[in-house]
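K.L.:
Let's see this in three dimensions:
(2 chains, ligands or ions: 3)
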Amino acid sequence: MLSYILRRIAYALPITLGVTIICFSLIHLAPGDPLSAVLPDNAGPDMREQIKIAYGFDKPLPVQYLLWLKNVATGDFGLSIQSRRPVVSEVLPAACNTAYLALAAVLIGFPFGILMGAVAGYTVGGWIDRAVTSVAVTGVSVPHYWLGMVLVVIFAVNLGALPAMGMGPGGQSSYAFDWAHLRHLVLPAITLAVIPAGIIARSVRATVADIRRRDFVGTLQAKGIGEGRVLYHVAKNAGPTILAVAGLQFAQLLGGSILVETVFSWPGTGFLLNTAIFTRDLPILQGTILVLSIFFVFINLVVDVLQTFLDPRIKRA
Amino acid sequence: MAVPHPRPDPAADAGPAAAAATAPFVSVRDLTVRFVSRDADVKVINGVSFDVLKGEVLCLLGESGSGKSVTMRTLIRLLPPTARLGGTVTIDGIDVLGLPRNDLKRLRGSLAAMIFQEPMTALDPVFTIGQQIGEALVEQKGMSWADARARALQLLELVQIPSARRRLDNYPHELSGGLRQRAMIALALSLSPKLLLADEPTTALDATVQIQVLLLLRELQKELGMATVFVTHDLGVAAEIADRIGVMYAGRLVELGAVAEIMDAPRHPYTEGLMRSTVHAGMRGKVLDAIPGAPPDLADLPPGCAFAPRCRSVREHCLAVEPAAETVGPGRIVRCLRHGDDPAYAASAPLAIG
Ligand SMILES: Nc1ncnc2c1ncn2[C@@H]1O[C@H](COP(=O)(O)OP(=O)(O)OP(=O)(O)O)[C@@H](O)[C@H]1O
Ligand code: SF4
Ligand SMILES: [Mg+2]
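P.N.:
Ligands and ions are numbered 1, 2, ... in the order given. Below is the predicted model:
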């Protein structure tokens, strides 16, 4: 088991390296030379030279990459062009804020999606199934920024029941898990939860329906055990598939949504990326994308490892 | 829809000793099964009647699609919700078709247990053998998991699984086909059923393993004195294990009798065909589909005898009149006009087939 986990981590390493290469190239792929990409627009020739040497742009590319990788490994992602602050001190709090939102969306959307899917999978072809399926299809197809704006209009503008902007009083430094802050989480979290809930509902439905048709369910019923115990068998068989789908959805939520975070002015990575794109703040873009990609690789790793616990047929040796 | 029947009262269940000794353990009368969906209504079992006595093995033979599995599954009501049941089924005094849904556990496992054809798919891949045998004991008998595990071990030893203790913690995919089927048998025996239903339990196995599993089943059946309904395609298997044989064709039981009578002196033309096709070569392994022609479409049965298009003895009369079940000897039933007392068969003209 341990050797499997180690091997799986070893597989993740080249992927992570590949990700860093792509992020590194970002600056060199950007239009214009990399120097002007990292320089503020009003930089004079002195500053140009200074920065050129500071960033090592005078050295060959592979050397530049290795230097950059060394810095990144020690948490030095360079400076933001706009704020002149270290990229890390912008990206990490944003990633943290996005993670709050992602967790809230998971708590709202995943149980709902799994429950709906399971009920539909138990009533395939019936009216409950058709209702759930059409709700799920609608959920998946509605553009979520549009849904976000509708929710804002209804709950924030018309009813005044929930706030539509920001994270709550005091900004991220004084964030607390009290109602004054959590109420700010409600609308964006619901908005974000809809698509994953729909996707999960559909795949849980398909999985449960498929498992319920398997022969072993007949064997279980022939033993005379209760419906609850049969459901436990179905759930355990569906577990790996649900975990894979949910893990992917969670990873995507952790990536943040540019549109939803912008609609709700939520200071997460999506919001940060949006600002960085508009201000051509390449170091921020680079840092954010790198952090998010590493999240993604990590979550996939965790899902893979969890799956070997759930499914005895996966060889662990 | 299942015909509603009043629940038998407990006193009648026990019955007077004399009646219990003579009454059949399983009694199926005029069983009909239809599968009804939005775009189809197919009657797949059409008036099947038979008895099984205590300790007796009844073998159901017949081509693919003749209704063997459906008949068997009806005995424990293991059919999809699209199934509509008619007639009566009584097992040990319990009115099976009238049993409310949440009383089915009285029937399943402890009264009647089932062994399926394909042990790979019939066992849950993500639970260990020990868990799958033990859970019925925990759920139905209220045993602790520790006791259930000890009992599961005994059962694995009973079905002669080598290094049984280790096998308890194996998953189905870690066992060979033969061992899996033994585990399936152990599972079926876990609640000490009085009726064993085996639906082609050896078909999916290699030839040598087939014989071993079959011998084991026969031994256990004798030892435990279970009434048994055994479905097979294989005449050799039937000869080996059966006391009586029922031959099914197109959802009907066309002939029923003691194994020697059916083998040596078949009366129904379909059974005659079966025996002819296997009379010379060694009987085991002979598959039944050796009679020319194909079974009829159950959704569109012709009037008269369903076997007529393939029958050597078909006469004009057979195309018009559906043969009824005739008792032609003690415990011997044949569903063929040739054996009825209807003179019209003799009077009508023979038809050429083909
Ligand atoms: N759930 C179902 N819905 C509709 N029709 C069914 C269903 N189950 C079985 N049937 C039909 O009932 C008929 C009898 O099937 P059954 O499985 O009893 O045949 P069988 O004699 O066991 O055949 P085999 O030897 O292939 O196992 C077949 O025509 C089959 O298509
Ligand atoms: S009733 Fe006629 S067609 Fe049918 S089996 Fe008998 S002889 Fe053949
Ligand atoms: Mg069958």
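
K.L.:
Going by C-alpha atoms from here, please, whenever you check contacts or count neighbours.
P.N.:
Fine.

K.L.:
The residue in the stretch 201-350 of chain B that chain A sits nearest to and B:M72, how far apart?
P.N.:
Closest approach between the stretch 201-350 of chain B and chain A, counting by CA to the nearest CA: B:P201, at 13.3 Å. When distance is defined by CA to CA, to the nearest Å, B:P201 is 13 Å away from B:M72.

K.L.:
More neighbours: which of the two?
P.N.:
Between B:P201 and B:M72, counting by other CA atoms under 10 Å in any protein chain shown, B:P201 is the more crowded of the two (25 against 20).

K.L.:
would you say that one is within a strand?
P.N.:
No. B:P201 is assigned coil when assessed by DSSP: H, G, I helix; E, B strand; the rest coil, not a strand.

K.L.:
and chain B, what are its domains?
P.N.:
B:23-111+B:193-347, B:121-192 (automatic domain parsing).

K.L.:
Please name whichever of those domains is nearest to A:A43.
P.N.:
domain B:121-192 (64.3 Å; CA to CA).

K.L.:
all helices in the stretch 51-200 of chain B, in order from the N-terminus.
P.N.:
B:68-75, B:104-107, B:119-122, B:129-141, B:145-158, B:164-167, B:177-189 (DSSP state H, counting those that start in this stretch).

K.L.:
Out of these, which is the most enclosed?
P.N.:
helix B:177-189 (a mean of 26; mean count of other CA atoms under 10 Å in any protein chain shown).

K.L.:
can you list contacts of that one?
P.N.:
Helix B:177-189 has contacts (CA atoms under 8 Å, 6 or more residues apart in numbering or on different chains) with A:223, B:109, B:113-116, B:118-120, B:123, B:129, B:132-133, B:152, B:155-156, B:158-161, B:172, B:196, B:201, B:205, B:209-210, B:213.

K.L.:
Helix, strand, or coil at B:L31?
P.N.:
With three-state DSSP as the criterion, B:L31 reads strand.

K.L.:
and it, how many neighbours?
P.N.:
21.

K.L.:
And for B:P162?
P.N.:
So B:P162, with other CA under 10 Å, has 11 neighbours.

K.L.:
dump the residue contacts of it.
P.N.:
No contacts exist for B:P162 under CA under 8 Å, 6+ apart.

K.L.:
ok, it to ligand 2 distance?
P.N.:
In this view, B:P162 and ligand 2 are 48 Å apart by CA to the nearest ligand atom, to the nearest Å.

K.L.:
how about the strands in the stretch 201-350 of chain B?
P.N.:
B:227-232, B:244-249, B:252-258, B:326-329, B:332-334 (DSSP state E, counting those that start in this stretch).

K.L.:
Please tell me how far the shortest one is from the chain's geometric centre.
P.N.:
Its chain's C-alpha centre lies 18 Å from the corresponding centre of strand B:332-334 when counted by CA atoms, centre = their mean, to the nearest Å.

K.L.:
what's in contact with it?
P.N.:
B:V254, B:E255, B:L256, B:G257, B:A258, B:R267, B:H268, B:A325, B:E326, B:T327, B:V328.

K.L.:
returning to what we had before: now, of the domains of chain B, which is deepest in the fold?
P.N.:
domain B:121-192 (a mean of 20).

K.L.:
so how far is A:I53 from A:K59?
P.N.:
For A:K59, the distance to A:I53 - CA to CA - is 9 Å.
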